[in-house]
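Visitor: Mind looking at a prediction? Sequence and model below.
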Amino acid sequence: MGVLFCFGCGYVASHLARRLRARGWNVRGTVRDPARLAALREAGIEGWVFRRDRPLADPARALAGVTHVLHSIPPDEAGDPVLDVHGDHLRRLATLRWVGWLGTTAVYGDRGGAWVDEEDEPRPTLARARRRLAAERAWLASGLPVHVFRLAGIYGPGRNPLRNLLDGRAHRIVKPGQVFGRIHVEDLVRVLEASMARPHPGRVYNVADDEPAPPQDVVAFAAALLGVEPPPEIPFEEAELSPAARAFYADCRRVRNDRIKRELGVVLRYPTYREGLRALLAVERAAGAGGGSTESPSRANT
């Protein structure tokens, strides 16, 4: 057992916190909006407000006895807000054994669909990926027991193609040759737990499933599970996408996940989107019958 502090109590942190609290861990974490503190308390999490312009009100008390830190707050244009504002507090924390920094496989940039692993030099093409890589390197140079997790697109309860179809928000945009990597949030949490049990400061891990796949195929599979017609295919050139969404399609790569298996002993419960969506089918149908989910589907890390 230990004390986990989550900088950013979002989607991933909430799943990890639930599992650790069930084993007797003390969990604390931050939100940007003070109005969300009540929800954290209801979940058994001691909450604090944190933004770059609003540091922890009492860092010594907030971080007292913390053994593990999960960091999922994206860097801003000025850098990494947690490292900039509270890096020194963390360095003075004698109890700290593990820091997990959630990054993105986008740091590899466009590889024309080729496979990459952790030994390949990052070549980010997107501005947000360049900021992530700069923050990743700053954390690795911080002197803290940092473990970097480069994440593929996260899906799970409330955040998946089944939910999008049930809510009428699914699209099938086709760009020939395009694939994306994914990871079920449950498998991601199991990777984090395995790293906590086998700390290796300075290590970088890709966290993705075994099969990068075209997004339109994933939507079609989800539709078949639900017994509904998939939305029509839309050529990428004709799709009405925001600049950010369009930029998302600029990169294409396949990300190897051998290291989490070899070094951390992780066996993926959902090695492809098929197993993951089949397991989520009953959950999403029940949520739809109850009026839908409040989770917003996203490829964000938190």
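Guide: Yep, that arrived.
Visitor: C-alpha from now on. contacts and neighbour counts both.
Guide: OK.
Visitor: in terms of contact, does residue 261 touch residue 269 like I think?
Guide: No - in this structure, residue 261 is not within contact of residue 269 by CA atoms under 8 Å, at 11.9 Å.
Visitor: Where does the closest residue to residue 189 other than its chain neighbours sit: helix, strand or coil?
Guide: Closest residue in space to residue 189, ignoring its immediate chain neighbours: residue 16 at 5.7 Å, by CA to CA, 6 or more residues apart in numbering. At residue 16 the chain is in helix, as set by DSSP: H, G, I helix; E, B strand; the rest coil.
Visitor: Per-residue pLDDT of residue 16, please?
Guide: On the pLDDT scale, residue 16 is placed at 98.
Visitor: count of residues packed around it?
Guide: For residue 16, the number of neighbouring residues by other CA atoms under 10 Å comes to 22.
Visitor: Over to residue 244?
Guide: 9.
Visitor: now do residue 96
Guide: 21.
Visitor: I figured it hits residue 67, correct?
Guide: Yes - under the criterion of CA under 8 Å, residue 96 makes contact with residue 67 at 4.2 Å.
Visitor: so what's residue 17 closest to, chain neighbours aside?
Guide: residue 27 (6.4 Å).
Visitor: so the one you found bridges to which residues?
Guide: residue 4 (DSSP bridges).
Visitor: isn't it right next to residue 41, touching?
Guide: No - under the criterion of CA under 8 Å, residue 27 makes no contact with residue 41, lying 10.5 Å away.
Visitor: which one of the two has more residues nearby?
Guide: More neighbours surround residue 27 than the other of residue 27 and residue 41, with 25 against 12 (other CA under 10 Å).
Visitor: who touches stretch 182-195?
Guide: Stretch 182-195 has contacts (CA atoms under 8 Å, 6 or more residues apart in numbering) with 12, 15-16, 100, 151-156, 207-209, 212, 260, 264-266, 268-270, 273, 276.
Visitor: Please tell me how far the residue nearest to residue 189 sits from residue 187.
Guide: As judged by CA to CA, to the nearest Å, residue 16 and residue 187 stand 11 Å apart.
Visitor: just checking, residue 259 touches residue 207?
Guide: No - in terms of CA under 8 Å, residue 259 does not count as a neighbour of residue 207; the distance is 9.0 Å.
Visitor: Who has more neighbours out of the two?
Guide: residue 207 (32 against 16).
Visitor: Name the residues that touch the longest helix along the chain?
Guide: Longest helix in the chain by number of residues, with DSSP state H as the criterion: helix 273-289. With CA under 8 Å, 6+ apart as the test, helix 273-289 has contacts from 156-158, 160, 162-163, 166-167, 182, 184, 209, 211, 218, 221-222, 225-226, 269-270, 293.
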